[in-house]
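Student: sequence plus the predicted model coming up.
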Amino acid sequence: MVRPFCGALVAALLSLGCHDWLVVPPLNNPVAGGDPVAAIQTGATGILFQNRATYAGYISDVGIFGRESFNYFPTDGRTHSHYVRQNPLDAAGFTNGGWAPRSVNRRNIKAFLDVVDAAPLIPGKVDPDRKEAARGFAKTVDALELSYITAQRHDYGAVLDILDDQTALAPFVSRDSAQNYIIARLDEARTHLLAAASVPFPFTLSPGFTTNGSFNTPATFLQFNRAIYARVQAWRAALGNPACGAPPGATCYAAALTALTEAAVDTTASLGRGVYHVYSSESGDVLDGLNASVNKDFLAHPSIQPDAPLDTLGQPDARYRAKIRTLSSPRCPVGGAGVPGICTPLGFQIYPTTTSPAPIFRNEELILLQAEALYFTGDAAGALADINFIRRHSGGLAVRGAFVDANDFVTELLLQRRYSLLWEGHRWVDVRRFGRISTLALDDPSHWRQVEQPVPQAECLQREGTAVACPATWPIPVLVH
């Protein structure tokens, strides 16, 4: 039976009102027509809803690969075995998460932009400046979705073009090409947002844009845009993207520093200041899937305890104590004979309630990005000041002395990022981009350190025999965007 619902976060908090879920324009497939104001609001809501839907799965996937977490789902051993024992990973479906839903959302974003372009002008509601604001929002989220795809696929690259013909297949491009495109897309969005700086958005954003800071106007949403831009510039530089110049990629790091200023990086502000996914227990909404009571099978990797820095009293630093809990009894993998794994006595307490917000970016990440960019643009003293700020204010640790060399700096940077950004989707990407994947623990001789998630087999099968088939060899050539 189809019944109307009212009060869900994506409805009540976003001012969509009470609707029949199967009659109103679907949130994940906005279409033109009808009331343009409502259509634009519905489209924006659907984009954010779909982006949130992939978050817990993404954090779990990259957490397993980065030896931060386990998913010991008791009735399916593949949640452990397929992630750490298969090499290469299974492209048939179990370990290739994120590809389809992010591609769907990029299609949503294209549809949203079409709706915005076609919408008739309504003074004070849908005028040229507000259309610019909507374009800046949509292109920023598009770049964010692509950034996750490149983080998961690494050498496999991505598909950039969302074609008008939904049955047509666009070609793959390399990781570097995709990241070049992300930077260009974010710059396009910045131009739109600057053009709309004096007006509000023609829709209401999720409360996650005001949970810890204010990012819900075009002028302040630009800070969100620049935060993602700085993150991807740091990725490009560390990975040796030719666009960044000779190693260590000073061109991209310099651009990251400029962007961080626009993102309002601030050592006097809350380390939690940023943009978040939000959850609620309202009818029709969802709970935070990373909360320990919502998902009892997400557990912490035991290496987090011995590797934690010690404070001046010899105790694990404040981040460890705040984020990790000791289980009443260790949990071990079950669900299939012959599935070797390890037991862990640790769980997470990062998301203490079932409706705890989950960060997309935080000021603490920006400060660490600034330290990285400063060091690799020649300001080792500035980098040390930022690192020591995080050591003191986030970890409760003593300050450290000057870096011996770049290797010493990267070791310290990765340690601080590991505990400051624990289980926020960064460690696997970080050790890989700095060529330190071999530092990840091997818990059993049968385990592997995975470098990337596969492109889904179904994606490549439908491309067989076409001019846009999946590449026979990876990586593929870099394109300039």
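Tutor: Now that the structure is in, tell me what you want to look at.
Student: what about the one helix or strand residue 260 maps to, distance to the chain center?
Tutor: Element membership of residue 260, judged by DSSP states H and E, is helix 250-262. In terms of CA atoms, centre = their mean, to the nearest Å, the centre of helix 250-262 is set 20 Å apart from its chain centre.
Student: same for that helix, what does it pack against?
Tutor: helix 218-238, helix 363-375 (3 or more CB pairs under 8 Å, 6 or more residues apart in numbering; DSSP states H and E). The way it works is simple: take the backbone N, C-alpha and C, and place the C-beta from them, glycine included.
Student: tell me what angle that helix forms with helix 363-375.
Tutor: Inter-element angle recorded for helix 250-262 and helix 363-375: 140 degrees (by axes from the mean of the first three to the mean of the last three CA atoms, to 10 degrees).
Student: in helix 250-262, what counts as buried?
Tutor: Along helix 250-262, these residues count as buried under the neighbour rule (16 or more other CB atoms under 10 Å): 250-257, 259-260.
Student: can you pull out the helices in the protein?
Tutor: Ranges of helices in the chain, per DSSP state H, are 36-53, 55-65, 78-84, 99-118, 128-153, 175-195, 218-238, 250-262, 318-323, 363-375, 380-393, 406-420, 427-433, 457-461.
Student: turn these into TSV, columns for distance to residue 160 and mean pLDDT.
Tutor: Putting these into TSV (distance: least, CB to CB, whole Å; pLDDT from 0 to 100) gives the following:
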stretch	distance to residue 160	mean pLDDT
helix 36-53	18	96
helix 55-65	20	96
helix 78-84	28	83
helix 99-118	9	96
helix 128-153	7	97
helix 175-195	5	98
helix 218-238	14	98
helix 250-262	19	98
helix 318-323	36	98
helix 363-375	25	98
helix 380-393	33	98
helix 406-420	28	98
helix 427-433	20	98
helix 457-461	14	93
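Student: distance to residue 444 for those - can I get that in JSON lines?
Tutor: Below are these laid out as JSON lines (distance: least, CB to CB, whole Å):
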{"stretch": "helix 36-53", "distance to residue 444": "33"}
{"stretch": "helix 55-65", "distance to residue 444": "14"}
{"stretch": "helix 78-84", "distance to residue 444": "8"}
{"stretch": "helix 99-118", "distance to residue 444": "28"}
{"stretch": "helix 128-153", "distance to residue 444": "24"}
{"stretch": "helix 175-195", "distance to residue 444": "30"}
{"stretch": "helix 218-238", "distance to residue 444": "29"}
{"stretch": "helix 250-262", "distance to residue 444": "38"}
{"stretch": "helix 318-323", "distance to residue 444": "24"}
{"stretch": "helix 363-375", "distance to residue 444": "32"}
{"stretch": "helix 380-393", "distance to residue 444": "33"}
{"stretch": "helix 406-420", "distance to residue 444": "22"}
{"stretch": "helix 427-433", "distance to residue 444": "18"}
{"stretch": "helix 457-461", "distance to residue 444": "27"}
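Student: so for residue 291, which of these sits nearest?
Tutor: Smallest distance to residue 291 across the helices of the chain (CB to CB): 9.3 Å, for helix 55-65.
Student: show me the contact partners of the closest one.
Tutor: 69-71, 83-84, 95, 97-98, 148, 151-152, 277, 288-290, 295, 298, 358, 423-425, 427-429, 450, 453 (CB atoms under 8 Å, 6 or more residues apart in numbering).
Student: how about it: buried residues?
Tutor: 55-56, 58-65.
Student: if we can go back for a sec, make a ChimeraX selection of the buried ones in the contacts of helix 55-65.
Tutor: Buried residues among those (16+ other CB under 10 Å), as a ChimeraX selection:
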select :69,70,71,83,84,95,97,98,148,151,152,277,288,289,290,295,298,358,423,424,425,427,428,429,450,453
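Student: contacting residues for residue 36?
Tutor: Neighbours of residue 36 in contact, by CB under 8 Å, 6+ apart: 115, 119-120, 122, 126.
Student: ok, now with 10 Å
Tutor: By CB atoms under 10 Å, 6 or more residues apart in numbering, residue 36 lies in contact with 115-116, 118-122, 125-126, 202.
Student: which stretches of the stretch 201-350 of the chain aren't confidently modelled?
Tutor: Scanning the stretch 201-350 of the chain for pLDDT under 70 picks out the ranges 335-340.
Student: how about a cut-off of 50?
Tutor: Within the stretch 201-350 of the chain, the segments meeting pLDDT under 50 span 336-338.
Student: so how far is residue 450 from the nearest residue to residue 117 once chain neighbours are set aside?
Tutor: The shortest distance from residue 117 to any non-neighbouring residue, by CB to CB, 6 or more residues apart in numbering, is to residue 131 (7.5 Å). As judged by CB to CB, to the nearest Å, residue 131 and residue 450 stand 43 Å apart.
Student: cool, residue 249 as well?
Tutor: For residue 249, the distance to residue 450 - CB to CB - is 25 Å.
Student: what's the answer for residue 399, then?
Tutor: From residue 399 to residue 450 the distance is 36 Å (CB to CB).
Student: which one of the buried residues of helix 55-65 is nearest residue 306?
Tutor: Nearest to residue 306 among those, with distances taken as CB to CB, is residue 63, at 18.0 Å.
Student: now do residue 89, the pLDDT please.
Tutor: Per-residue pLDDT puts residue 89 at 86.
Student: and the residue nearest to it when sequence neighbours are not counted, how far is that from residue 58?
Tutor: Excluding the flanking residues, the one nearest residue 89 by CB to CB, 6+ apart is residue 95, at 4.5 Å. With the distance defined as CB to CB, residue 95 ends up 13 Å from residue 58.
Student: pull up the overlap in contacts between the two.
Tutor: With CB under 10 Å, 6+ apart as the test, residue 95 and residue 58 both reach residue 152.
Student: any idea what residue 316 is bridged to?
Tutor: Beta bridges link residue 316 to residue 310, judged by DSSP bridges.
Student: what are the buried residues along stretch 67-82?
Tutor: By neighbour count on 16+ other CB under 10 Å, the buried set for stretch 67-82 is 67-73, 76-82.
Student: what do you get for stretch 453-463?
Tutor: 453-456, 459, 463.
Student: would you turn the residues you listed into TSV with distance to residue 165?
Tutor: Putting the buried residues of stretch 453-463 into TSV (distance: CB to CB, whole Å) gives the following:
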residue	distance to residue 165
453	27
454	26
455	21
456	21
459	17
463	15
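Student: so which of those residues comes closest to residue 162?
Tutor: residue 459 (14.6 Å).
Student: contacts only, for that closest one.
Tutor: By CB under 10 Å, 6+ apart, the neighbours of residue 459 are 91, 96, 99-100, 103, 159, 169, 172, 470.
Student: please produce a PyMOL select command covering the buried subset of the residues you listed.
Tutor: The buried subset of the contacts of residue 459, as determined by 16+ other CB under 10 Å, is captured in PyMOL by this line:
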select buried, resi 91+96+99+103+159+169+172+470
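Student: if we can go back for a sec, quick one: which of the helices and strands packed on helix 250-262 is nearest residue 345?
Tutor: Checked against CB to CB, the stretch from the helices and strands packed on helix 250-262 lying closest is helix 363-375, at 26.8 Å.
Student: and the closest one, what does it pack against?
Tutor: helix 218-238, helix 250-262, strand 274-277, strand 358-362, helix 380-393, helix 406-420 (3 or more CB pairs under 10 Å, 6 or more residues apart in numbering; DSSP states H and E).
Student: buried subset of the contacts of residue 36?
Tutor: For the contacts of residue 36, buried by 16+ other CB under 10 Å: 115-116, 119, 126, 202.
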